[in-house]
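[1] I would like the atomic coordinates for the input below:
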Amino acid sequence: MRIVFMGTPDFAVPSLEALIRTENVVGVICQPDRPKGRGHKLCSCPVKVVAEAAGIPVYQPEKIKSHEGLAKLMEFEPDLCVTAAFGQLLSADNLAVPRLGTINVHASLLPRHRGSAPIHWSILMGDQVTGVTTMMTDVGMDTGDILLMREVPIGPEDTAGTMTDRLAQVGADLLTETIEQLKAGTLKRIPQDSAQATTEPKLTRELGLLDFSKTAAELDRQVRGLSPWPGAYTTLDGNVIKVGSATGCPGSGTPGLILAADAVSGLTVACKDGAVELTEIQVPGSRMMSAREYLRGHRIETGKVLGNQHAE
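    Numbering: from 1, shown residues only. The predicted model follows:
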């Protein structure tokens, strides 16, 4: 079977590696190289790195829906296409190219959390269980028929980063099982129940701004759900303070009020239902570190209110 794989970030890598081990991957399509870091140097995405190391041809269209993108896909003559966090929607013309269709590896239990950031939203919305779904891709946003599904619990300390690593491997295993059933002719298609569907928006940096009028549990989920990107943050005296982790603790006061700021008590801030300790922070010019470690050598005034100033 000739397979074309479409994917871009780390989540897609285990699925590609599984296909390389067991199938005939004739081409890989991923997003164009993007500038990163302070030097804005063009960097290859993780999927491209793996594909080139395996000697597989790589194509990086700005739009796979374009005439050029369609022509290139047709050149690969795929029997099957597989997508995993590709980052672009496919057109009906794209989907008509592979004779066996296109299978997508999606990091949620569909139809819940359709969209581009299902792992983040599962944590942000307080889910205790998420998972991976393989599905037949259609022209909608994650609306195709479900093939196989596997549940994965979300722990109280899990972040979007830790869940991405875990779900990526689960996705690779589920993809392998899906293709085995496809070959055996035993693969079943289950239409999604649109009445149960949720579709969440794309992530933005603005989502990371902490609102201390929320509960400690909500703030904890916000920090974990947006770690490592786009990241949670607050402001103090016009400066951004990035928050790497937070946990509920005793206390009370006006939401955002700094109740304690020392190496013993840590950085404690009032919130809706008590207080929250910002256990890891990063201030301008510093690395992410324990707030208590930072407060051994630096001063943050109690009595000030976080988040009520515009960041410079």
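
[2] And the longest helix seen in the chain, what does it pack against?
    When the chain is parsed with DSSP state H, its longest helix is helix 160-184. Helices and strands touching helix 160-184, by 3 or more C-beta pairs under 8 Å, 6 or more residues apart in numbering; DSSP states H and E, are helix 13-22, strand 80-84, strand 102-106, helix 118-124, strand 129-136, strand 146-153. Where C-beta positions appear, they are placed from N, C-alpha and C, glycine not excepted.

[3] what comes into contact with the longest one?
    The contact list for helix 13-22 (C-beta atoms under 8 Å, 6 or more residues apart in numbering) reads 3, 5, 7, 25, 28, 46-47, 50-51, 54, 56, 82, 84, 105, 168-169, 171-173, 175-176, 179.

[4] List only buried entries from those.
    The neighbour count (16 or more other C-beta atoms under 10 Å) marks 3, 5, 7, 25, 28, 46-47, 50-51, 56, 82, 84, 105, 168-169, 171-172, 175-176, 179 as buried among the contacts of helix 13-22.

[5] Which neighbouring elements make contact with the longest strand along the chain?
    Ranked by residue count under DSSP state E, the longest strand found in the chain is strand 239-249. Using 3+ C-beta pairs under 8 Å, 6+ apart, the elements in contact with strand 239-249 are helix 216-225, strand 232-236, strand 274-282.

[6] gap between it and the chain center?
    What separates the centre of strand 239-249 from the centre of its chain is 20 Å, taken as C-alpha atoms, centre = their mean, to the nearest Å.

[7] right, and the helix or strand after that strand?
    Sequence order places strand 258-262 as the next helix or strand after strand 239-249, per DSSP states H and E.

[8] buried stuff in that following strand?
    Using 16+ other C-beta under 10 Å as the test for burial, strand 258-262 gives 258-261.

[9] average model confidence for it?
    For strand 258-262, mean pLDDT is 98.

[10] just checking, next helix/strand downstream of that strand?
    strand 266-271.

[11] Report the mean per-residue pLDDT for that next one.
    Per-residue scores along strand 266-271 average to 98.

[12] Same check on stretch 220-238?
    The average of the pLDDT scores along stretch 220-238 is 96.

[13] Keeping just the C-alphas, turn it into CSV.
    Extracted in CSV, the C-alpha atoms of stretch 220-238 (Å, rounded to 0.1, in the frame of the first residue of the first chain):
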residue,chain,number,x,y,z
ASP,A,220,-4.7,25.5,37.9
ARG,A,221,-6.3,24.1,34.8
GLN,A,222,-5.5,27.3,32.8
VAL,A,223,-1.8,27.0,33.7
ARG,A,224,-1.6,23.3,33.0
GLY,A,225,-3.7,23.5,29.8
LEU,A,226,-1.6,26.2,28.3
SER,A,227,1.8,24.7,29.2
PRO,A,228,4.2,24.8,27.4
TRP,A,229,2.5,27.0,24.8
PRO,A,230,1.1,29.6,24.7
GLY,A,231,1.7,29.8,28.5
ALA,A,232,-0.1,31.4,31.4
TYR,A,233,0.9,34.8,32.6
THR,A,234,-0.1,37.8,34.8
THR,A,235,1.3,41.3,35.1
LEU,A,236,2.9,43.3,37.9
ASP,A,237,3.9,47.0,37.5
GLY,A,238,3.5,46.7,33.8
